[in-house]
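Q: Using only what follows, build the 3D model:
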Amino acid sequence: MSNLYWLSDAQMARLEPFFPKSHGKPRVDDRRVLSGIIFINRNDLRWRDAPKEYGPHRTLYNRQKRRSDKGVFAQMLIGLAADHGEEKTVMIDATYLKAYRTATSLCGQKGGRGRLIGRTKGGMNTKLHAICDSQGRPLDLFVTAGQVSDYIGARAMLSNLPRADWLLGGRGYDADWFREALRDKGIRPCIPGRKQRKNTIKYDKRRNRIEIMFGRLKGWRRVATRYDRCPTVFLSAIGLAALIEYWL
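A: This is a model prediction of the structure:
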């Protein structure tokens, strides 16, 4: 059974303050259940296909669903990333995540608008927006429908930008209002100008670390392809991947 555990005792100790308190009947072993959730999300399995050593598959799904609804995984990421220590440079970027038919079914009907799935040239997608530090560690994650532009996603994340000297971004973030908003926060934008701009703007090409981060997150197969209809559950899976890959 020890070979199936994904987290050490030391790692579980760091996460324990974020777990909801148990009321009444003692909760099933957190380490075992969380390991089962990680196993499913990394390997792109149906919940019912989880190894029996992790316990009933309904327990695994219900635990992820309930903790996603309560924002537990988001709190873990925010809590552990709070000690990032970055003061000089942060980066912003976005990537497409393919939505499978189980996530897109009924998407066009009443009640499907809140799923954050949209049609792009590549089909039905969700868009992951991220802010990371100079080491490529994710500090904030946000999802929108696939057709949403980069700078609209940036507007939603603007209030959560950490204090830093510079922000590196791609051409999709070249908007006058965004540059002004960054300067108001004391952050100097390092963003290449769009082709329509008459004046050349100097920029830094060292944004590959955030692209590498996206690649590592997409190594989790239930992140690279979205199967969950609920955007909260999907975002929690991304947050869990970020925790394991970068903050534990």
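Q: after the helix or strand bottoming out on mean pLDDT in the chain, next one along is what?
A: Ranked by mean pLDDT, DSSP states H and E, the weakest helix or strand in the chain is helix 101-104, scoring a mean of 84. Counting by DSSP states H and E, the next helix or strand C-terminal to helix 101-104 is strand 118-120.
Q: What pairs with that next one, parallel or antiparallel?
A: Paired neighbours of strand 118-120 in the sheet (DSSP bridges): strand 123-133 (antiparallel).
Q: Go through the strand it pairs with and flag the buried ones.
A: Met124, Asn125, Thr126, Lys127, Leu128, His129, Ala130, Ile131, Cys132, Asp133 (16 or more other Cβ atoms under 10 Å). All C-beta spots, glycine's among them, are computed from the backbone N, C-alpha and C.
Q: just these now: which is nearest Pro231?
A: Distance to Pro231, by Cβ to Cβ, is smallest for Thr126 among the buried residues of strand 123-133, at 7.4 Å.
Q: Next, the spatially closest residue to the closest one that is not a sequence neighbour: phi, psi?
A: Excluding the flanking residues, the one nearest Thr126 by Cβ to Cβ, 6 or more residues apart in numbering is Leu97, at 4.9 Å. Main-chain dihedrals, Leu97, degrees, to the nearest 10: phi -120, psi 120.
Q: okay, now Leu97: neighbour count?
A: Leu97 has 21 neighbours, counted by other Cβ atoms under 10 Å.
Q: who's in contact with it?
A: Asn125, Thr126, Lys127, Leu128, Val143, Lys218, Val223, Ala224, Thr225, Arg226 (Cβ atoms under 8 Å, 6 or more residues apart in numbering).
Q: Recalculate using a threshold of 7 Å.
A: Asn125, Thr126, Leu128, Val223, Ala224, Arg226 (Cβ atoms under 7 Å, 6 or more residues apart in numbering).
Q: Residues touching the least confident helix or strand of the chain, excluding its own?
A: In contact with helix 101-104 (Cβ under 7 Å, 6+ apart) are residues Ile117, Met124, Arg226, Tyr227, Asp228, Arg229.
Q: Can you mark which positions in it are buried?
A: Within helix 101-104, the residues scored as buried using 16+ other Cβ under 10 Å are Ala103, Thr104.
Q: Ok, stretch 21-36 next?
A: By neighbour count on 16+ other Cβ under 10 Å, the buried set for stretch 21-36 is Arg31, Arg32, Val33, Leu34, Ser35, Gly36.
Q: likewise stretch 53-66?
A: Quick answer for stretch 53-66 (16+ other Cβ under 10 Å): Tyr54, Gly55, His57, Thr59, Leu60, Tyr61, Arg63, Gln64.
Q: Who are the contact partners of the fifth one?
A: Pointing back at Leu60 there. Val33, Gly36, Ile37, Ile40, Trp47, Ala50, Tyr54.
Q: Which one of these is nearest to Ser68?
A: Checking these against Ser68 with Cβ to Cβ, the nearest one is Ile37 at 10.2 Å.
Q: on that earlier part again, would you turn the buried residues of strand 123-133 into TSV with distance to Cys190 and pLDDT?
A: Listed next are the buried residues of strand 123-133 as TSV, based on distance: Cβ to Cβ, whole Å; pLDDT from 0 to 100:
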residue	distance to Cys190	pLDDT
Met124	33	91
Asn125	27	93
Thr126	27	95
Lys127	22	96
Leu128	22	97
His129	18	96
Ala130	17	96
Ile131	14	95
Cys132	14	94
Asp133	15	93
